[in-house]
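Novice: sequence-free structure coming up:
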């Protein structure tokens, strides 16, 4: 442990922009205040030391203080030098500050404890000390801190031991009920760090998700869909989509038998995994891909805060899929222009077409060609040209432009 402490102390001295010395100066001027670096930065340093795993430069650093987060942020900004940009954003609801220094993001929070009045609601927060702040976090490996004044490591929940064992441990028995998005984060850590979920944490997860979605009461109104849960799950998925292998993470949720946190109808097979790759290649809406075969569309849209446009995309996808299945013979010999007319007459959104491509089936190529070829082909004669030939603006001219466009589209079949 002494070796690990020495390593962490040495690494913290090297944090960018002379932050160690600036924070140390702040503590000297405010002797009653404690400040600590917590979370992912400390976790990744320990994993590097223990497992010889190399990480990229930190995307952000989390700092917690028993004093004012705003005062600390302003002191850092005032005393930092040789930087191109240093911006402060304040978030009063949780007494947190985001400090952006060049490309480094530093989150500074006043130490707090949280109480969830009902599952999934945003917590009620109160000021607390650093130990109580660590207790509210998700996993033991994220509840390790380096405290500046004594240059001491806080590890109240065996996080270092769990890093050595490569295990993910939830901090308390209501962790998933308070915030089910922790399941998505757990799968992300398991995938990214090559850790496994502990048996006790897995049991909590499975037991809690068996009741998902649960009822909650707020102001005497019964609801199955606390807004905070929906937002946090979507934020976790967005983080994964940017930086991680979404297919691997969804597969882990399936292996852990908690896939219903997303959609219990997801079947992890080659078709589904190929579709996940394609939705990313097509820069499509991956949330809609994950939800497209939900058992109850209306409830799913409520649960994930699906807006009216996204809801129409999912409805159109289901309607077209059913039509293709039930009238297969009708679509087997359509020409490129007939496919174009079918898609455009129904006013399908590009996102609907992308879902139909990713669904594979007999006709995915026709949808693909419309998306990237047919939709961009125009009539050889414009409206102005037709007017010069004697055509009058109106339906007949519109039909002629469409006919000429379709002729051009059907030429692609011969290429």
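Specialist: Yep, that arrived. Since the structure is predicted, the reported quantities are computational estimates derived from the model, not experimental observations. Residues are numbered from 1 along each chain as shown.
Novice: what helix or strand is residue 253 on?
Specialist: If you go by DSSP states H and E, residue 253 is part of helix 246-255.
Novice: between the very next helix or strand once past that helix and helix 246-255, how big is the angle?
Specialist: Tracing the chain past helix 246-255, the next element assigned as helix or strand by DSSP H and E is helix 270-281. For helix 270-281 against helix 246-255, the angle by axes from the mean of the first three to the mean of the last three Cα atoms, to 10 degrees is 140 degrees.
Novice: Can you point out the buried residues in helix 270-281?
Specialist: Residues of helix 270-281 classed as buried: 272, 275-276, 278-279 (neighbour count, 16 or more other Cβ atoms under 10 Å). Just so you know, the C-beta spots here come from the backbone N, C-alpha and C atoms, and that holds for glycine as well.
Novice: Below-threshold pLDDT in the stretch 201-350 of the chain: ranges please.
Specialist: 213-227 (pLDDT under 70).
Novice: about what we covered before: just put the buried residues of helix 270-281 in TSV and tack on distance to residue 323.
Specialist: As requested, the buried residues of helix 270-281 are exported to TSV (distance: Cβ to Cβ, whole Å):
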residue	distance to residue 323
272	22
275	20
276	24
278	21
279	22
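Novice: Outline the domain layout of this protein.
Specialist: 1-165, 167-262, 308-376 (automatic domain parsing).
Novice: got those domains as a markdown table, with distance to residue 285 columns?
Specialist: Shown next, in a markdown table, are the domains of the chain (distance: least, Cβ to Cβ, whole Å):
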| stretch | distance to residue 285 |
| --- | --- |
| domain 1-165 | 24 |
| domain 167-262 | 10 |
| domain 308-376 | 5 |
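Novice: which helix of this structure spans the most residues?
Specialist: Ordering each helix of the chain by length in residues (DSSP state H) puts helix 308-326 first.
Novice: can you pull the buried residues of that helix?
Specialist: Buried-residue list, helix 308-326, by 16+ other Cβ under 10 Å: 310-314, 316-318, 320-321, 324.
Novice: what are the ranges of the strands in this structure?
Specialist: With DSSP state E, the ranges of strands along the chain come out as 35-38, 60-65, 86-91, 96-101, 104-110, 112-115, 124-127, 145-147, 152-154, 167-168, 196-197, 216-218, 221-223.
Novice: for the buried residues of helix 308-326, which one is nearest residue 30?
Specialist: residue 310 (48.4 Å; Cβ to Cβ).
Novice: Please work out how many residues are found near the closest residue to the closest one other than its chain neighbours.
Specialist: Leaving aside its chain neighbours, residue 310 sits nearest to residue 288 (6.1 Å; criterion: Cβ to Cβ, 6 or more residues apart in numbering). The burial count assigned to residue 288 is 21, neighbours taken as other Cβ atoms under 10 Å.
Novice: So residue 288 versus residue 351, what's the distance?
Specialist: 6 Å (Cβ to Cβ, to the nearest Å).
Novice: Overlap in contacts, the two.
Specialist: 310, 313 (Cβ atoms under 8 Å, 6 or more residues apart in numbering).
Novice: before we move on, back to that, got a list of what the residue nearest to residue 310 touches?
Specialist: 306, 310, 313-314, 317, 351, 355.
Novice: repeat that with 7 Å
Specialist: Under the criterion of Cβ atoms under 7 Å, 6 or more residues apart in numbering, the neighbours of residue 288 are 310, 313-314, 351, 355.
Novice: Among those residues, which one sits closest to residue 24?
Specialist: residue 310 (49.2 Å).
Novice: Check the burial of residue 298 by counting its neighbours.
Specialist: 10.
Novice: what do you get for residue 250?
Specialist: Neighbours around residue 250, by other Cβ under 10 Å: 25.
Novice: who touches stretch 358-375?
Specialist: Taking Cβ under 7 Å, 6+ apart as the rule, stretch 358-375 contacts 271, 275, 278-279, 289, 321, 324, 328, 331, 336, 339-340, 343, 350, 353, 356-357, 409, 412.
Novice: From start to finish, how long is that stretch in a straight line?
Specialist: 19 Å (Cα to Cα, to the nearest Å).
Novice: repeat for stretch 258-267
Specialist: End-to-end distance of stretch 258-267 (Cα to Cα): 13 Å.
Novice: Buried residues of that stretch, list them for me.
Specialist: 258-259, 261-263, 266.
Novice: any idea which of the strands of the chain is most buried?
Specialist: Each of the strands of the chain was scored by mean neighbour count; the highest is strand 35-38, a mean of 24, by mean count of other Cβ atoms under 10 Å.
Novice: any idea where the helices of the stretch 1-150 of the chain begin and end?
Specialist: Ranges of helices within the stretch 1-150 of the chain are 2-13, 19-29, 40-51, 69-79, 130-135, based on DSSP state H, counting those that start in this stretch.
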